[in-house]
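1. Here is my input, please return the structure:
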Amino acid sequence: MSALRVCTVYPDLLGTYGDGGNGEIVTKRALWRGSEAELLLARSDESLPEAEIYCIGGGEDGPQVLAAQRLIDDGELTRAVKRGAVILAVCAGFQILGTTFPDASGAAREGLGLLDMTTRKGEGPRAVGELVAECTSRDEGGLGLGLLSGFENHGGVSLLESGVTPLARVLPGRGVGNRPGDGVEGAISGRIIGTYLHGPLLARNPELADQLLRWAMGQEELSPLDDTVAVALREERIASFRTR
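-> Numbering: from 1, shown residues only. From the prediction side, this is the model:
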């Protein structure tokens, strides 16, 4: 196949929390295996390029609204999903893939409608801190990748509707996830993955990065890499809960 194209979407608007690292990580993991791959940085004043993997990060309320409108007007992300592209969306990026999300005042704004999900402004304190969640099993339509580790920082409350499977379920006492009380974290629908986990997410969870590559490259198996450092980081963050 030609070079794998990985696109970081609007890093000038949705690059607040270091989530741009996700695009770098998935690109490197392809290159380390000897595959051709290139990372594209698509600014918000440019047309979104065609790619096999799109990574969307977190951002503040104003840039989030602007990013959503520009993605709707551009239309490429919706076309990309129809042709089988892979999307990883974090926090603000996750919210704008739904049907509605809140602006700074709490008013509902139109999302891309790629996930059957609505997000509203939470009434309680922000969800801030380390989070550990168990991936939904393959029998339930999930990925079955075991534990995910990351850092959440959001005031939104997201509700998944029909046809959308939770990405993971929060371990008791180890974070909030999509909304307080339901124990659900993120979403998966087809080749779209949404989550509230920063980290960057793929630095802590290399198995998830490889899942994106398997989808995009059409390969059921990938050659192994030495993930000792990444696994040690995840284990260290998971263990930190036990010392509180």
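2. list the helices and strands the lowest-mean-pLDDT helix or strand in the chain packs on?
-> None of the helices or strands of the chain scores lower by mean pLDDT, DSSP states H and E than helix 228-240, at a mean of 84. With contacts taken as 3 or more Cβ pairs under 8 Å, 6 or more residues apart in numbering; DSSP states H and E, helix 228-240 sits against strand 127-135, strand 147-154, helix 201-204. Yep, even glycine has a C-beta here, placed from its N, CA and C like the rest.
3. can you give me the helices for this protein?
-> With DSSP state H as the criterion, the chain has helices at 21-31, 61-74, 76-82, 92-96, 201-204, 206-217, 228-240.
4. Gly142 is nearest to which of those?
-> Judged by Cβ to Cβ, the one of these that comes nearest to Gly142 is helix 206-217, at 10.7 Å.
5. If we go by neighbour counts, what in the closest one is buried?
-> Neighbour-count burial for helix 206-217 flags 206-213, 215-217 (criterion: 16 or more other Cβ atoms under 10 Å).
6. chain center to stretch 153-162, what's the gap?
-> The chain centre lies 13 Å from the centre of stretch 153-162; the measure is Cα atoms, centre = their mean, to the nearest Å.
7. List the buried residues of that stretch.
-> Within stretch 153-162, the residues that count as buried by 16+ other Cβ under 10 Å are 154-158, 160.
8. that older thread, tell me which of the helices of the chain sits most buried.
-> helix 92-96 (a mean of 29; mean count of other Cβ atoms under 10 Å).
9. mean confidence for it?
-> Mean per-residue pLDDT for helix 92-96: 98.
10. Can you name the residues in contact with that helix?
-> Identification of contacts with helix 92-96 by Cβ atoms under 8 Å, 6 or more residues apart in numbering yields 9, 14, 19, 56-60, 63-64, 67-68, 71, 89, 101, 111-112, 119, 156, 158, 186-187, 194-196.
11. So which of the residues you listed are in strands?
-> Among these, DSSP state E puts 9, 56, 89, 101, 119, 156, 158, 187, 194-195 in strands.
12. Same list (those residues) but as CSV, adding pLDDT and distance to Val26.
-> CSV is the format used below for the ones in strands among the contacts of helix 92-96 (pLDDT from 0 to 100; distance: Cβ to Cβ, whole Å):
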residue, pLDDT, distance to Val26
Val9, 98, 13
Ile56, 98, 13
Ala89, 98, 13
Phe101, 98, 25
Thr119, 98, 25
Gly156, 95, 25
Ser158, 98, 24
Ala187, 98, 19
Gly194, 98, 16
Thr195, 98, 14
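13. and of these, the nearest to Val81?
-> Set against Val81, the nearest of the ones in strands among the contacts of helix 92-96 by Cβ to Cβ is Ala89 (11.4 Å).
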